[in-house]
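>>> Below is the structure, and that's it, no one-letter string:
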Ligand SMILES: [Zn+2]
């Protein structure tokens, strides 16, 4: 029996048996949660399938990611109209009647891209019917801070038509393209939203976004060959977004009206041991609580409220340095929790000397000597504080990645036929896609 091509599936027509590989699985976050899959056939055509999320256990027991199946008993309906990952007029609905019979791996691709052209992006602004895949060469890779202190990864890529497009990776996807990805590297990036910023089109990551650095799949070869012919962009001098401590000091000599944010790679030189390292707030009114020794335990009381829960917050004073200088700073709660991986409350209860709040626990003192990418704020009073910490800096110094940074796609990739499956990582559930960066 011959199978139907995925491409030929039409809405409201009973689909024949299809032979596919399961490429992705995710739970669509909309008002009605849906269990979604992406299926690709041997021709490289792709279709989405949806199922009732309540039956996820059943489907998990019969459908393995990246495995191949002969699939029958589905229903064909219209395509999804919001954040579809595949440009197809139809999609499949799979219920309990759907059969998934394991099929041999008949050279069905294990990746799917539907790269958009720059011109196609215009029609997708503020219209999230279809998510966007894009491929290009990295021209700049930098970090920015939002007003709320989030660190965004901004990559400018140039496509094969010499168009420059800015890509913003939100913090949950920042790991996909680390700072080891440099100009000249090729990135193929999927499932993004098109937005407009200052009159320019840009792409923003969604929770479905994946990225491939210097990909070497058959689906990308032609694009990469054309991108190689495109001249590099002229540098504009505005791309260096990592500040030095000297930059920050120079800025502090000006009279600044509003706090300014910087990203700075610095080493924690010394934790100040003679200063209070935490404070406690009232859960009812947010005011500072007062320590009261009761019998053998330390209680925190509010001057106004009873029956409160103490909210412990770090405020660790330390000196940081980089090659251009050093400065005193305060690490606030969010940054210390990232560095120490232990809440302030646990630190106070398990590691602190409760009789003297100025004795800094050894665990905190031990962060001296570590280098971090810090999100610093220069306040109006010229105080420099650390709001958040990015783990990129702490890992790139020691970790070699499989993305072969620096070896751009200009050097021909060694073909590794049939080994691509082991290199592929696919979304299973949106929260578990930590290591999606693949070459
Ligand atoms: Zn209170």
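Here it is on my side, so go on. Owing to the predicted nature of the structure, the values given are computational and were not obtained by experimental measurement.

>>> Just give me the neighbour total for residue 120.
By other C-beta atoms under 10 Å, 14 other residues sit near residue 120. Every residue, glycine included, has its C-beta placed from N, CA and C.

>>> nearest residue to it other than its sequence neighbours?
Among residues not flanking residue 120 along the chain, residue 132 sits closest, at 7.9 Å (C-beta to C-beta, 6 or more residues apart in numbering).

>>> and after the helix or strand encompassing residue 328, which helix or strand comes next?
Assigned by DSSP states H and E, residue 328 belongs to strand 325-332. Once the chain leaves strand 325-332, the next helix or strand it forms, by DSSP H and E, is helix 333-340.

>>> Just the angle for that next one relative to strand 325-332, thanks.
Here helix 333-340 runs at an angle of 100 degrees relative to strand 325-332 (axes from the mean of the first three to the mean of the last three C-alpha atoms, to 10 degrees).

>>> show me the contacts for residue 81.
Residues in contact with residue 81 (C-beta atoms under 8 Å, 6 or more residues apart in numbering) are residue 129.

>>> Begin at 53 from now on, thanks
With 53 as the first residue, the last one maps to residue 133.

>>> how about stretch 383-393: buried residues?
Buried positions in stretch 383-393, judged by neighbour count with 16 or more other C-beta atoms under 10 Å: 383-389, 391-392.

>>> Next: stretch 320-339.
So for stretch 320-339, counting by 16+ other C-beta under 10 Å, buried means 320, 323-324, 329-334.

>>> ok, and which of those residues reach the ion?
Subset of the buried residues of stretch 320-339 in contact with the ion: residue 334, counting by C-beta under 5 Å from the ion.

>>> Which of the buried residues of stretch 320-339 fall in helices?
Among those, no member is found in helices (DSSP state H).

>>> can you redo the buried residues of stretch 320-339 as JSON lines with pLDDT and distance to residue 298?
JSON lines is the format used below for the buried residues of stretch 320-339 (pLDDT from 0 to 100; distance: C-beta to C-beta, whole Å):
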{"residue": "320", "pLDDT": "95", "distance to residue 298": "18"}
{"residue": "323", "pLDDT": "95", "distance to residue 298": "23"}
{"residue": "324", "pLDDT": "94", "distance to residue 298": "22"}
{"residue": "329", "pLDDT": "94", "distance to residue 298": "28"}
{"residue": "330", "pLDDT": "93", "distance to residue 298": "31"}
{"residue": "331", "pLDDT": "92", "distance to residue 298": "31"}
{"residue": "332", "pLDDT": "93", "distance to residue 298": "36"}
{"residue": "333", "pLDDT": "94", "distance to residue 298": "35"}
{"residue": "334", "pLDDT": "94", "distance to residue 298": "40"}
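
>>> thinking again about what came up before, count of neighbours near the residue nearest to residue 172?
When counting by other C-beta under 10 Å, one arrives at 23 neighbours for residue 184.

>>> which residues in the stretch 53-202 of the chain form helices?
Counting by DSSP state H, counting those that start in this stretch, the stretch 53-202 of the chain has helices at residues 108-114, 170-173.

>>> among those, which gets the worst mean confidence?
For those, mean pLDDT drops lowest on helix 170-173, to a mean of 91.

>>> coming back round to it: name the nearest of the buried residues of stretch 383-393 relative to residue 348.
Minimum separation from residue 348 among these (C-beta to C-beta) is found for residue 392, which lies at 26.2 Å.

>>> quick one, what contacts that closest one?
Contacts of residue 392 (C-beta under 8 Å, 6+ apart): 399, 415-416, 419.

>>> same thing with residue 409?
328-330, 343.

>>> just residue 301 next, same as before
By C-beta under 8 Å, 6+ apart, the neighbours of residue 301 are 377, 379.

>>> Need the pLDDT of it.
Listed pLDDT for residue 301 reads 88.

>>> Could you do residue 64 as well?
pLDDT, residue 64: 90.

>>> Tell me the spacing between it and the ion.
62 Å (C-beta to the ion, to the nearest Å).

>>> so that residue makes contact with residue 129?
Yes - using C-beta atoms under 8 Å, residue 64 makes contact with residue 129 at a distance of 7.3 Å.

>>> So between these two, which is more surrounded?
Using other C-beta under 10 Å, the more surrounded residue of residue 64 and residue 129 is residue 129, with 14 against 9.

>>> Mean confidence (pLDDT) on the longest helix along the chain, please.
Under DSSP H, the helix in the chain containing the largest number of residues is helix 270-280. For helix 270-280, the mean per-residue pLDDT is 92.

>>> Mind jotting down where the strands sit in the stretch 53-202 of the chain?
Using DSSP state E, counting those that start in this stretch, the strands found in the stretch 53-202 of the chain span residues 70-80, 86-93, 98-104, 120-124, 127-130, 142-145, 151-154, 184-197.

>>> Most neighbours out of the contacts of residue 392, which is it?
Sorting the contacts of residue 392 by how many neighbours each has (other C-beta under 10 Å) puts residue 416 first, at 23 neighbours.

>>> tell me the contacts of that residue?
For residue 416, counting by C-beta under 8 Å, 6+ apart, the contacting residues are 323, 329, 368, 388, 392, 399.

>>> before we move on, the earlier item: present the helices of the stretch 53-202 of the chain as CSV; the columns should include distance to residue 81.
Listed next are the helices of the stretch 53-202 of the chain as CSV, based on distance: least, C-beta to C-beta, whole Å:
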stretch, distance to residue 81
helix 108-114, 14
helix 170-173, 23
